[in-house]
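In: below is the sequence, then the predicted model.
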Amino acid sequence: MIFDSWYDLWQILVTGILAYAGLVLLLRTTGKRTLSKMNAFDLVVTVALGSILASVILNEDTSLSEGLFAFVLLCGLQYAVAWTSLRWKPVQNLVKAEPTLLFFDGRFLSAMLSKERVTEQEVLAAIRSQGTADLANVRAVVLETDGSFSVVEASAGSPDDTLHNVRGYPGRDSAAS
């Protein structure tokens, strides 16, 4: 069917505008963290919000009030988990992943690559995407908590301050004490 009725199109238009406005208002109220990509949990919330928005707009069985309630519920849960994880270490450990060192001082860390299911070719692609062609110019490559790669340039005599909390970093245990 190509066209059903003008009523359906107007319903999508009005519901879409109101649901979108409600989501924007809620996101402005709950803050930037609601749509951050700091970890996998945040990504799931973002995708779920998009799915709810699509359901409200296109599914006649989902009312605007149900969709707005679902937005509030998800944002509230995300806020509660983020708040709790800041104050209680077990929740933080459950929700947040650790960054992992994959390449350091000119060598790939095979155990970490295997554990994170990342190939050397993917690490090399991340290095190339940063515009680096020579591995001698790379101090480290880190798989971040959001799944992205960070490429740390090699600098003569510079400390590895940003690597102390990274799993696999050789100086991690001594830096923590």
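Out: Received, thanks. Residues are numbered from 1 along each chain as shown.
In: contact partners for residue 131?
Out: With Cβ atoms under 8 Å, 6 or more residues apart in numbering as the criterion, no residue contacts residue 131. From N, CA and C alone the C-beta is placed, and that goes for glycine too.
In: what element comes up after the helix or strand encompassing residue 80 heading to the C-terminus?
Out: Using DSSP states H and E, residue 80 sits within helix 64-87. Heading C-terminal from helix 64-87, the first helix or strand you meet, by DSSP H and E, is helix 89-95.
In: let me see the ranges of the helices in this protein.
Out: 6-30, 40-58, 64-87, 89-95, 110-116, 120-129, 172-176 (DSSP state H).
In: so how far is the first one off the chain centroid?
Out: Using Cα atoms, centre = their mean, to the nearest Å, we find the averaged C-alpha position of helix 6-30 to lie 25 Å away from the chain's own average C-alpha position.
In: relative to helix 40-58, how tilted is that helix?
Out: 150 degrees (axes from the mean of the first three to the mean of the last three Cα atoms, to 10 degrees).
In: about what we covered before: which stretch among the helices of the chain comes nearest residue 165?
Out: With Cβ to Cβ as the measure, helix 172-176 is the member of the helices of the chain nearest residue 165 (7.4 Å).
In: give me the low-pLDDT residue ranges for this protein?
Out: Scanning the chain for pLDDT under 70 picks out 156-157, 172-177.
In: run the last query once more with 50
Out: Scanning the chain with the threshold set as pLDDT under 50 gives 175-177.
In: any idea how far the residue nearest the centre of it lies from residue 144?
Out: Nearest to the geometric centre of the chain sits residue 37, at 2.5 Å (Cα atoms, centre = their mean). Residue 37 is 10 Å from residue 144, where distance means Cβ to Cβ, to the nearest Å.
In: so the protein: which segments form each domain?
Out: What automatic domain parsing lists as the domains of the chain is 6-94, 100-176.
In: which residues touch the closest residue to residue 81 other than its chain neighbours?
Out: Nearest residue to residue 81, sequence neighbours excluded (Cβ to Cβ, 6 or more residues apart in numbering): residue 95, at 5.9 Å. Residue 95 sits next to 39, 41, 81, 85 when contact means Cβ under 8 Å, 6+ apart.
In: could you export those as a markdown table, including neighbour count and distance to residue 118?
Out: Below are these laid out as a markdown table (neighbours: other Cβ atoms under 10 Å; distance: Cβ to Cβ, whole Å):
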| residue | neighbour count | distance to residue 118 |
| --- | --- | --- |
| 39 | 18 | 17 |
| 41 | 18 | 20 |
| 81 | 18 | 27 |
| 85 | 18 | 25 |
